[in-house]
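J.: Prediction below, plus the sequence it came from.
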Amino acid sequence: MAKINLLGSSLAELEQIAADLEDKSFKGRQLFKWLYNSGQYDFDKMTNLSLQLRKKLKQKYIFQELNLTDKKRSRDGTEKLLFRLDDNKLIETVIIPEGDNKTICVSSQAGCALGCRYCATGQLGFGRDLTVGEIIGQLLCVRNLHGDKALGNIVFMGMGEPLLNYDNLIAAVEIISSELGLSVSAKKITVSTAGIVPRIYSLADSGLKVNLAISLNSAVETKRWKLMPIAKKYNLDKLFEAARYFARKRKKRVTFEYILFEGVNDSKTDARKLAEKIKGIPCKINLLAYNPVDGLGYNRPSDEQVDSFARILYPMAPVVTVRKSRGNDIAAACGQLAGGNISYRKRSRR
């Protein structure tokens, strides 16, 4: 019989495995720490487990990491990792250097079902949800490549809609944020959503102290419909009410991600409408110039246009930042991830 891969197993599951192997359940706690915290996958070297338990584990279980098939490095230091999953699905993870720290952009699905008009991942269609192990495995690979301190900030902004893979997302975050696990504070984890309203409420009520980012892109209903088809299901009033609930429940600001498209959502009227809609919501706004993708028909505004939009917005909005695109030259920037699919690699503008 094929051995069972423990990658993605929760603390409770490992405690049950230890009990099932006729040992004390707390041994599963020690096993959990070896695998996720210490990065030790060789059962023989888990010295605080009994010889008998180690033997039984070896007979039935393995801890197998993801298959890293390609790695690219941008001129700005950004790295993009390509993984081939057991069913040949491809996913990508991005490592963004930020001074002495790194931000890890993690995928939650192979492909995406939402079909946002500007996004390369959305053009691939939906493959499937990633398992807990496939989510965690991306971070373990980053840690193997760059060491324990590499996991500075973790953002679920890679391929897929995290809140449509909610149960696996939550299980992964619990492993990531556990002191016995990857030991990354939940305060350094951000979940980004296109606006799955019911799950925003669920995340607020989950007890996990993660941050929330919402891809907004327009405060004009009809414009948002054209950019993001999911907006027709969850309108702006419902979305902003969910954002208010999250901010109130978690006692922290929500981030609104606003991608600027030349001639689409970058006017003075768009800025004023945005300021009007977010009024009363504890939030900050991240502005980002569109990262072009071949064949999708949108253009990137100039840096001057982005700065002008920010200047109009800032007096009316609480916090406004302009986020710099990273990894454009290796198709690793926001909206460019396509799982190695050459049909949707970025269109160079420079």
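T.: In hand now; what should we look at?
J.: Any stretches of the stretch 251-350 of the chain with poor pLDDT?
T.: Across the stretch 251-350 of the chain, the ranges flagged by pLDDT under 70 are 331-333, 336-337, 339-350.
J.: same thing with the chain?
T.: For the chain (pLDDT under 70), the answer is 331-333, 336-337, 339-350.
J.: Nearest residue to the middle of it?
T.: The chain has Phe156 as the residue nearest its centroid, 1.0 Å off, counting by CA atoms, centre = their mean.
J.: how close does that residue sit to Val184?
T.: Going from Phe156 to Val184 by CB to CB, to the nearest Å gives 13 Å. The way it works is simple: take the backbone N, C-alpha and C, and place the C-beta from them, glycine included.
J.: Next: Met228.
T.: Separation of Met228 from Val184 (CB to CB) stands at 29 Å.
J.: quick one: which of these two has more around it?
T.: Regarding Met228 and Val184, a neighbour count based on other CB atoms under 10 Å identifies Met228 as having more, with 23 against 19.
J.: and the closest residue to that one other than its chain neighbours, what does it touch?
T.: Using CB to CB, 6 or more residues apart in numbering and skipping the chain neighbours, the partner closest in space to Met228 is Cys116 (4.9 Å). Shown in contact with Cys116 (CB atoms under 8 Å, 6 or more residues apart in numbering): Gly122, Ala194, Ser215, Leu227, Met228, Pro229, Ile230, Gly335.
J.: from those residues, which ones fall inside helices?
T.: Counted as lying in helices by DSSP state H, out of those, are Gly122, Leu227.
J.: Please convert the contacts of Cys116 to JSON lines, extending it with distance to Arg253.
T.: Shown next, in JSON lines, are these (distance: CB to CB, whole Å):
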{"residue": "Gly122", "distance to Arg253": "27"}
{"residue": "Ala194", "distance to Arg253": "19"}
{"residue": "Ser215", "distance to Arg253": "16"}
{"residue": "Leu227", "distance to Arg253": "23"}
{"residue": "Met228", "distance to Arg253": "22"}
{"residue": "Pro229", "distance to Arg253": "27"}
{"residue": "Ile230", "distance to Arg253": "23"}
{"residue": "Gly335", "distance to Arg253": "23"}
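J.: from the contacts of Cys116, which single one is nearest Val320?
T.: Of all these, the one with the least separation from Val320 (CB to CB) is Ser215, at 16.4 Å.
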